[in-house]
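S.K.: quick one, what's the 3D model for this:
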Amino acid sequence: MNLIFSLIIASVAFAQSRETPVYLEQFYNLQVSMERAYAEVSQIDTKSTEARLDLSARMFALQKAAHRLQEGSAEAGTAPLKIGKGIDKRLHLVGLGCMGIDSILTALTNYLETDDRIFLSLAVEFRQTVISIRKVL
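M.R.: Here you go, the predicted structure:
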């Protein structure tokens, strides 16, 4: 019975290690979407409540995607750990990058809601972290 369990865990771990490129691609796509939103915030009509609400809604959807990707990359590492193998460090970096993207989107949303440039400055700082993570990946 233990042999069967070990084989199942080993096959899952192998499959998950092959999934790392999928998580990387999803992270890259998420970052591109975040960059579009980032650019839109600087060009948004400051008087248009409708445009602000639309952009805020899209950024919230991106935040939810970042949370799912962060959770998925973390879960991908559990099976290898159960059989004594290490997690692919890129999965950790994807998770950190997702947290950074979430922080950027939160700061941008706060900026849209308050017009306080401190939130825009924070988004710039968080963005540098995400860019650094992307370079390492």
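S.K.: got a pLDDT number for the residue at minimal distance from the centre of the chain?
M.R.: A centroid search over the chain (CA atoms, centre = their mean) returns residue 98, at 2.2 Å, as the residue closest to the centre. Residue 98 carries a pLDDT value of 98.
S.K.: quick one: it from residue 24, how far?
M.R.: 12 Å (CB to CB, to the nearest Å). To be clear about C-beta, it is placed using only N, CA and C from the backbone, and glycine gets the same treatment.
S.K.: same question for residue 111.
M.R.: Here residue 111 is placed at a distance of 29 Å from residue 24 (CB to CB).
S.K.: tell me which element the nearest residue to residue 100 once chain neighbours are set aside is part of?
M.R.: Among residues not flanking residue 100 along the chain, residue 130 sits closest, at 4.1 Å (CB to CB, 6 or more residues apart in numbering). Following DSSP states H and E, one finds residue 130 within helix 117-136.
S.K.: how many other residues sit next to residue 120?
M.R.: Residue 120: 17 surrounding residues under other CB atoms under 10 Å.
S.K.: swap that for residue 106, please
M.R.: 17.
S.K.: with adjacent residues omitted, what lies nearest to it?
M.R.: Nearest to residue 106 is residue 63, by CB to CB, 6+ apart, at 7.1 Å.
S.K.: please apply the same query to residue 87.
M.R.: Closest to residue 87 by CB to CB, 6+ apart is residue 77, at 3.3 Å.
S.K.: now do the contacts for residue 95.
M.R.: Residue 95 makes contact with 70, 73, 74, according to CB atoms under 8 Å, 6 or more residues apart in numbering.
S.K.: list buried residues within these.
M.R.: 70, 73 (16 or more other CB atoms under 10 Å).
S.K.: looking at the contacts of residue 95, which is nearest residue 105?
M.R.: Distance to residue 105, by CB to CB, is smallest for residue 70 among the contacts of residue 95, at 12.8 Å.
S.K.: and that closest one, what does it touch?
M.R.: By CB under 8 Å, 6+ apart, the residues touching residue 70 are 94, 95, 98, 99, 102.
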